[in-house]
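Participant: Predicted coordinates and the sequence they were generated for:
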Amino acid sequence: MSTAVVNANSAHDSHDAEHHMPYDPMGIKIGMWLFLFTELLLFGGLFIIFAVYSHMYPREFHQGSSHLSVPMATFNTFLLITSSMTIAQSITALRTGNKKLCLSLLTFTIACAAGFLVVKSFEWGAKFHHDLYPGTEVYFALQPGESAFFSLYYLMTGLHALHVIIGGILIAVVMRAVSKGTVNQEKYAFLENAGLYWHLVDLIWIYLFPLFYLVG
Amino acid sequence: MSEAAVDKPKVNYYNAKSGIMSWLTTTDHKRLGIMYLYSLGVFFAFAVFMAFLLRLELFTPEIDVLTFGGAQAGDLYNRILTLHGIVMVFLFIVPGLPAVFGNFCLPIMIGAEDVFFPRINLLSWYCYVLGGLFAIFSIALGGPDTGWTFYVPYSTTTGHNVYVPVLAAFIVGWSSILTGLNFVTTVHRLRNKNMSWFKMPLFVWSLYATGWVQIIATPVIGILLLLVMMEKVFGIPVFDPRIGGDPVLFEHIFWIYSHPAVYIMILPAMGVVSEIIATFSRKTIFGYHFIAYSSIAIAAIGSLVWAHHMFTSGMANEARVIFSFLTFFVAVPSAVKVFNWIATMYKGSIRLSPPMVYTMMFILIFSIGGFTGLHLGALSVDIHLHDTAFVVAHFHYVMFGSAGIIFFAAMHYWFPKMSGKLYNEVVAHIAGVLFFIGFNATYFPLFIAGYLGMPRRYASYLPEYEFYHKFSTIGSWVMIFSMLLMFGNLIYAARKGKKSSDNPWGGATLEWHTSSPPPTLNFDKLPDDIPGSYDYPLEVVK
C-alpha cells in the first residue's frame, strides 16, 4: 500500500486534465514527510514495547541477544548504509541530467536491498533450523522474557524486512518512470520521495541493529 | 438571465458526468464527500439496528430476545454489542465529519479547486469501504465478542473470530491516515493566497487539528491491531503472560490511540458548531483566536490523557494523579469554546433554523457529557463509576449526542449547498426536538442506573434496575423514529425539494460565494479579495 501512496504523489502533476493545479514539489514532499511520520509511529509502538520489556527482563534480553549473529547483521548494516548513499547520489545524478548514471545507481540500490534480504533469510533460517521461533517447544521452554525477546525479534525485523521489500518495489517503479522520462531533470519529486522512504528503512535498521545485536 | 440558461440546469459537479463509473473513479472532493455520505449512512443504519436489538434485550431483566439460533445465553448479545461498537466507532463517528463534510467543504472554504492529493483521496474512500465490508463480513464468521476495544488476553484466546474485524479496523485506519495527511497538506499548500491562517474558517482550523491527530495517533493502533493479528494468525505472542508479556501494556498502547480518537470525533464537530452559530447569529465569532488555538490545545493535551481509561487496571499512584490532572486540564480548552459560542450568540440576530436548533441542543448535551466526564476523571469517584452504565451514558452523551447531532446539524446546514435544494424546515424541527427528547430519555436513566451500580455490557440485570432500562428502551424508540423522520425529510427534499438559492442562510464563508451545487472546479470566479470568514453584511440576505 505504501507503494500506492508514494506513487500517487508522483502522479500529482499528470492527473485529469480538468484539474490544473501547478506542479508543487514542496507540497508533494510535505505529504511524504507526514507519511514517514506515520511510519515512524508505527515502529514507535514496537519500540515502546521493546523498551518496557527490556526494562522488565534485562538479563533475559541479554541472553536472547547472545543467540543472534552479529557478523551477519553488521554486513547487512553495511549494505543498507551503502544503498542509502547510492540512492542519494542517484537524485543528484538526475538533477544534473545524467539519466544513465541515475538508473545504474538505482539498480545498485535494489541489489543491496536484495542482498540484505538474502542475508536476513539465512539468519532467520538458522534460527528455524534450531526450532527457535514462536510456537515451538524450544520457544516455550525459554525463560519468560527471553521468549518475549524472540517474539519481538521476529516481529520487528520482520516488519522491517517487509519495508525493505516495499522500498525495493518502489525503487523499481521509480526506475521505470525515470527511463520513460515522466520523472526527469525538472520533475523529480517522486524520486526524492522514494529516496526519503529508503532512508527511513535504513534509519529504522540503524536503531534495530544496536538494540537487538549490540546493546544486549 | 437568458432563456437557455433557465431551461437547461447549470453544469455542476453532480450532473457534469453520469454513470456509476464516473463516481467510482472520481477524484472530485465533492463527489467523494457524497460517496462517503452514502456509505456512512449505510453503516450507520446497520449499527443503529444493532443498538435497537441491544436495547430491546435490556427491556426486561432476563435474556429473552437475543436467544435465537441456539446461541448460548448472552453470547449473541456480546457479539451484537461488539459489532455495534466497531461499526459506530471505526466506520461512523471517527471518519464522520471529516470524510463527508471535510471533503466537501474544506477545499471550497479555502478557495482551492480540490484537495492536494485527489487520487489518494479516492484511495482513502476505497480503504474505508473495504474495511467496512470486512467488518460486515465478520458476521458471516459468527462475529467477534470482545467489545470494540479488543483487549488481550481475551481477544487472543476467545474461540470467536477476531482477526477479520481487527483487519477491518486496520484498513479503515489507513483511510483515516490518508485523509488526515491530505487535509494537512491541502491547508498548507492550497490556501488561496489572500487567505492567511487567521482568516480561515474555524471548521478548517478544526479539520487541520484533526488531521494532525489522525496522523499522530492512528499508526499506534495500527501496529497494535497488527500484533493482535500476528498472535491470532501466526501464533507470535507479545502480550501473553506465559512468555512474560504484559496485557496492561496493550491497554496503554490501545488508549494512546483511542483517547486522541475521541478528539478526532469531537474536534470537527466543534468546528461545525462555530460555523453554524456565527452564521445564524449573524455576528462575528467571539474570540476567533481562542477558538482556533483551543483546537490545537485539545489536540495536544488530548494526546496525554489516555491512562484515565485505566485507573483501575493497575498503575502507580503518581501516574494516576498526573493523568487525572491532565484530564481536568483538557476540559479547559473545551470550556473556552463553549463560552465563546455563547458569547457569539449574545446580542446576535439569532435565526432559529434547523441547523441552529440542533447546535443549541448540542451545547446542552455536550455540557452534560463534559461534566460527567469530570466525574470519571476524578480518581476516587472513578473507582465507583468504572465499568458501569454511567460510562455508557457519558460516552453516548459526548459521542452520539454531541458529535452525532452535529453530524445531523451539518447535514441540514450544507444540504442546500450539496444538493441545490431546500428541505421542509418544519419537519426538520419536529425531528430535531423528538431526537432531543428521545436521546435524553435513552441515556439519562443510564447515568442513574450506573451510579446505583448497574454494570455495563451485561445482557441481564437485577430487577431494581428495571425501571431505568424500560425508560431507556422506550426512549430509544422515540430516537429511532426521529431519525427516520429526519432522513426521510432530507431524502424527499433531495428528490423533490424546492430549488435553493446560492446562499440560503446568509453565510459568509467561501462555500456560500459559489453556486449551489458548486461547479466541478468549485468556483466560476473567485471573489477578488477573500472576505473574512465571519464578516456579515448588515442587511439580511434573502
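Facilitator: Happy to help now that I have it. Residues are numbered from 1 along each chain as shown, chains lettered A, B, ... in the order given.
Participant: Tell me the backbone dihedrals of whatever residue of chain A ends up closest to chain B, please.
Facilitator: As assessed by C-beta to the nearest C-beta, chain B sits closest to residue A:144 within chain A, at 3.3 Å. C-beta: built from backbone N, CA, C; applies to glycine. Backbone torsions for residue A:144, taken as degrees, to the nearest 10, come to phi -60, psi 130.
Participant: Give me the neighbour count for it.
Facilitator: Residues contacting residue A:144 under the criterion other C-beta atoms under 10 Å in any protein chain shown number 16.
Participant: what's the single longest helix in chain A?
Facilitator: Longest helix in chain A, counting residues (DSSP state H): helix A:146-180.
Participant: Per-residue pLDDT of residue 209, please?
Facilitator: All of this is about chain A. Looking at residue A:209, its pLDDT stands at 95.
Participant: not what I meant, chain B
Facilitator: 92.
Participant: And residue B:10, by the same measure?
Facilitator: So, for residue B:10, pLDDT stands at 78.
Participant: ditto for residue B:261
Facilitator: 89.
Participant: what distance separates the helix or strand where it lies from the centre of its chain?
Facilitator: For residue B:261, the element it lies in under DSSP states H and E is helix B:247-281. How far helix B:247-281 lies from its chain's middle: 8 Å, per C-alpha atoms, centre = their mean, to the nearest Å.
Participant: Using CSV, write out the CA atom coordinates for whatever helix or strand comes next after that helix.
Facilitator: For helix B:247-281, the following helix or strand on the C-terminal side (DSSP H and E) is helix B:288-301. Presented in CSV, the C-alpha positions along helix B:288-301 are these (Å, rounded to 0.1, in the frame of the first residue of the first chain):
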residue,chain,number,x,y,z
TYR,B,288,-11.7,33.7,17.0
HIS,B,289,-8.1,33.2,18.0
PHE,B,290,-9.1,31.5,21.2
ILE,B,291,-11.3,29.0,19.4
ALA,B,292,-8.6,28.3,16.8
TYR,B,293,-5.9,27.8,19.5
SER,B,294,-8.1,25.8,21.7
SER,B,295,-8.5,23.2,18.9
ILE,B,296,-4.7,22.9,18.8
ALA,B,297,-4.6,22.8,22.6
ILE,B,298,-7.2,20.0,22.7
ALA,B,299,-5.3,18.0,20.1
ALA,B,300,-2.0,18.4,22.1
ILE,B,301,-3.3,17.8,25.7
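Participant: on that earlier part again, if you look at the helix holding residue B:261, does any of it touch chain A?
Facilitator: Yes. On the criterion C-beta under 8 Å from any C-beta of the partner chain, helix B:247-281 is in touch with chain A at B:249, B:253.
Participant: buried ones in that helix?
Facilitator: B:247, B:249-281 (16 or more other C-beta atoms under 10 Å in any protein chain shown).
Participant: Setting aside sequence neighbours, what's the nearest residue to the residue of chain A closest to chain B?
Facilitator: residue B:244 (3.3 Å; C-beta to C-beta, 6 or more residues apart in numbering or on different chains).
Participant: so that neighbour makes contact with residue A:151?
Facilitator: No. When contacts are counted by C-beta atoms under 8 Å, residue B:244 is not listed as touching residue A:151 (9.6 Å).
Participant: Tell me which of the two has more neighbours.
Facilitator: More crowded of residue B:244 and residue A:151, by other C-beta under 10 Å: residue A:151, with 27 against 20.
Participant: The more buried one and residue A:211, how far apart?
Facilitator: 14 Å (C-beta to C-beta, to the nearest Å).
Participant: And the strands in chain A, which stretches?
Facilitator: Using DSSP state E, chain A contains no strands.
Participant: do the same with the stretch 1-150 of chain B
Facilitator: Using DSSP state E, counting those that start in this stretch, the stretch 1-150 of chain B contains no strands.
Participant: Point out the residues in it that sit beside chain A.
Facilitator: B:27, B:113-114, B:116-120, B:123.
Participant: For those, give me JSON lines that also has pLDDT and neighbour count.
Facilitator: Shown next, in JSON lines, are those (pLDDT from 0 to 100; neighbours: other C-beta atoms under 10 Å in any protein chain shown):
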{"residue": "B:27", "pLDDT": "91", "neighbour count": "19"}
{"residue": "B:113", "pLDDT": "91", "neighbour count": "18"}
{"residue": "B:114", "pLDDT": "93", "neighbour count": "26"}
{"residue": "B:116", "pLDDT": "95", "neighbour count": "26"}
{"residue": "B:117", "pLDDT": "95", "neighbour count": "26"}
{"residue": "B:118", "pLDDT": "94", "neighbour count": "25"}
{"residue": "B:119", "pLDDT": "94", "neighbour count": "19"}
{"residue": "B:120", "pLDDT": "95", "neighbour count": "24"}
{"residue": "B:123", "pLDDT": "96", "neighbour count": "20"}
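Participant: Quickly check those for the two that are furthest apart.
Facilitator: B:113 and B:123 (19.0 Å; C-beta to C-beta).
Participant: Spit out the contact partners of residue 25.
Facilitator: No chain in the question, so chain A it is. A:187-189, A:192 (C-beta atoms under 8 Å, 6 or more residues apart in numbering or on different chains).
Participant: Chain B, not that one
Facilitator: Contacts of residue B:25 (C-beta under 8 Å, 6+ apart): residue B:122.
Participant: Over to residue B:256?
Facilitator: B:217, B:220, B:303, B:306 are the contacts of residue B:256 under C-beta under 8 Å, 6+ apart.
Participant: Which ones, among those residues, also lie beside chain A?
Facilitator: Among those, chain A is touched by residue B:220 when using C-beta under 8 Å from any C-beta.
Participant: can you give me phi and psi for residue B:498?
Facilitator: Per degrees, to the nearest 10, the backbone of residue B:498 is at phi -70, psi 160.
Participant: before we move on, the earlier item: from residue A:46, how far out is the residue nearest to residue A:144?
Facilitator: In terms of C-beta to C-beta, residue B:244 sits 16 Å off from residue A:46.
Participant: cool, and residue B:43?
Facilitator: For residue B:43, the distance to residue A:46 - C-beta to C-beta - is 31 Å.
Participant: Understood, closing this out.
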